[in-house]
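1. sequence first, predicted coordinates after that:
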Amino acid sequence: MRIDIITVVPDILTSPFDVSILKRAIEKGLVEIHLHNLRDYVTDNYKQIDDYQFGGGAGMVMMIEPIDKCITGLKAEREYDEIIYMTPDGATLNQKTVNTLSLKENIIILCGHYKGVDQRVRDHFITREISIGDYVLSGGELAAAVLCDAVIRLIPGVLGNETSALTDSFQDDLLAPPVYTRPADYKGWKVPEILTSGNFPKIETWREEQSYLRTRQLRPDLLKDE
Ligand code: ADE
C-alpha cells in the first residue's frame with residue numbers, strides 16, 4: 001500500500017512513522033508513506049497557501065491551486081483508490097471504514113487547516129471525508145496519523161500474530177474480553193480460574209460471554225441491531 005499525505009506541517013507526521021509497528025511495516029516494504037509539503041506547490045513568492053473567505057468571516061481558507069497541483073501531479077503518476085480529506089465534519093471513523101481502506105492500493109490523505117479547504121477541492125477531488133471524533137483539532141495531521149495507524153496494522157504481515165487484529169475490539173462489533181498475564185495471583189487479586197484451567201473450548205465460550213457483557217455494559221449502542 002502507498003499513502004501520500006498532503007500537509008502544511010509535515011514535521012507533525014515524521015515521528016508516528018518512525019517508531020514501533022508503523023516503522024517496521026515501512027521497513028518490511030508493506031507500506032510506503034510519502035509526505036508532501038503543500039508550500040512546495042505554491043508559485044507565488046510569499047508561499048501563500050491560505051486566503052480570506054469570500055463573503056467575509058473569521059478564519060482563513062486553504063486555496064485550491066496548490067492542492068490541485070499536488071493532487072493532479074500525483075494522479076499523473078498512478079491511479080488512486082481514494083482521496084481522503086481529514087475534517088471534523090466528515091463521517092466518523094470506525095473499524096468498518098478502516099477495514100475497507102486497508103484493502104486499497106494507493107491512497108491520498110489531505111490534511112485540513114484553518115477554516116478548512118476551498119469547497120471546490122471537496123467537490124472535485126475528494127472521494128471520502130473522515131473525522132476521528134466530534135471535537136476540533138488544530139489540523140488534520142494527527143487525525144491522519146490515527147487513520148494510518150488503524151489501517152496499516154491490518155495489512156497482512158504488519159502484525160506478528162495475524163489473528164490478533166481479528167480479535168480486536170470492534171472487529172465483530174463487540175468489545176474485546178478482559179485479558180490477563182502473569183502472575184496469576186498478585187497481592188490476592190486473582191486471574192479468573194477458567195483462564196488457567198487449560199479447557200480451551202470453555203475459555204473460548206467465557207471470552208465470548210465476557211465480550212458480550214462488556215459491550216452491553218460499556219457500549220450498548222453497538223448491540224442496537226440485535
Ligand atoms: N481536523 C480537525 N479536527 C478533526 C477531526 N476531529 N477529525 C479529522 N480531522 C480533523
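-> Ah, there it is.
2. and this structure, what are its domains?
-> Domain segmentation of the chain under automatic domain parsing yields 2-152, 167-223.
3. next, count neighbours for Lys47.
-> 13 (other CB atoms under 10 Å). Glycine gets a C-beta too; all of them are placed from N, C-alpha and C.
4. cool, Ser169 as well?
-> Other residues near Ser169 come to 17 when the count uses other CB under 10 Å.
5. excluding its backbone neighbours, what's nearest Ser211?
-> Spatially, and ignoring its direct neighbours in sequence, Ser211 is nearest to Leu174 (4.3 Å; CB to CB, 6 or more residues apart in numbering).
6. and the one you found, what pLDDT?
-> Note for Leu174: predicted pLDDT of 93.
7. give me every residue that touches it.
-> Neighbouring residues of Leu174 by CB atoms under 8 Å, 6 or more residues apart in numbering: 211-212, 214-215, 222.
8. which ones among those residues lie within helices?
-> Counting by DSSP state H, the contacts of Leu174 place 211-212, 214-215 in helices.
9. nearest to the ligand among those?
-> Of all those, Thr215 has the smallest distance to the ligand: 24.5 Å, by CB to the nearest ligand atom.
10. hang on, isn't that closest one packed against Leu175?
-> Yes: Thr215 lies in contact with Leu175 (CB atoms under 8 Å); the separation is 4.8 Å.
11. overlap of the contact sets of these two?
-> Taking CB under 8 Å, 6+ apart as the criterion, Thr215 and Leu175 both touch Leu222.
12. ok, then the element right after the worst-scoring helix or strand of the chain on mean pLDDT?
-> Ranked by mean pLDDT, DSSP states H and E, the weakest helix or strand in the chain is helix 162-166, scoring a mean of 68. Where DSSP states H and E defines the elements, the next helix or strand beyond helix 162-166 is strand 185-186.
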